[in-house]
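Colleague: Sequence and computational prediction follow.
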Amino acid sequence: MKQTDIYTEALTCLRSILLADHPEFQNWIDWLERDIEDWSQRREVAHHLRAYGGMGSFNDLPSMRGNHNYIFDFLKSVCYAFGHLYGKREGISPEVLMEECLHDVEQAADPPIRD
């Protein structure tokens with residue numbers, strides 16, 4: 001059985017949440033499917049990055065249901081950070097880069113408590 005990487009899993013989770021909470025956004029569900037294929041087949045992230053920014057972008061989707069909203073936003077941030085940095089960091093594996101992205105997004109999502 002082929003092991004799936006974290007980026008593919010994150011994209012798959014984004015697609016699953018969107019499908020469960022907003023099946024009417026078939027265009028974004030299809031978009032994420034293409035992102036998964038692009039990464040799995042060619043290690044390309046350009047299509048995914050085009051989803052962010054501008055009117056009607058991935059960032060403009062309505063809230064997801066329940067705790068899906070937090071998870072969706074977290075995974076969206078991780079995928080954007082990974083896609084943005086992938087290819088810009090010479091000599092770093094996708095796995096190590098993803099670990100860095102997860103760490104950075106976790107830190108941003110949970111700011112330190114100050115007295």
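Modeller: That came through fine.
Colleague: For this protein, which segments count as strands?
Modeller: With DSSP state E as the criterion, the chain has no strands.
Colleague: where does the chain have its least confident helix or strand?
Modeller: helix 94-109 (a mean of 81; mean pLDDT, DSSP states H and E).
Colleague: which of the residues in that helix are buried?
Modeller: By neighbour count with 16 or more other CB atoms under 10 Å, helix 94-109 contains the buried residues 94, 97-98, 101-102, 105. Backbone N, C-alpha and C define where each C-beta goes, glycine included.
Colleague: what helices or strands is that helix leaning on?
Modeller: helix 6-21, helix 68-85 (3 or more CB pairs under 8 Å, 6 or more residues apart in numbering; DSSP states H and E).
Colleague: In a markdown table, list those helices along with mean neighbour count and mean pLDDT.
Modeller: Conversion of these to a markdown table gives the following (neighbours: other CB atoms under 10 Å; pLDDT from 0 to 100):
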| stretch | mean neighbour count | mean pLDDT |
| --- | --- | --- |
| helix 6-21 | 18 | 95 |
| helix 68-85 | 18 | 91 |
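Colleague: follow-up on the earlier one: identify the residues contacting the least confident helix or strand of the chain?
Modeller: When contacts are defined by CB atoms under 8 Å, 6 or more residues apart in numbering, helix 94-109 is touched by residues 5-7, 43, 74, 77-78, 81-82, 85-86, 89.
Colleague: can you rerun that using 6 Å?
Modeller: Helix 94-109 is contacted from outside by 6-7, 77-78, 81-82, 85, using CB atoms under 6 Å, 6 or more residues apart in numbering.
Colleague: Compute the number of surrounding residues for Gln41.
Modeller: Close neighbours of Gln41, defined as other CB atoms under 10 Å, add up to 8.
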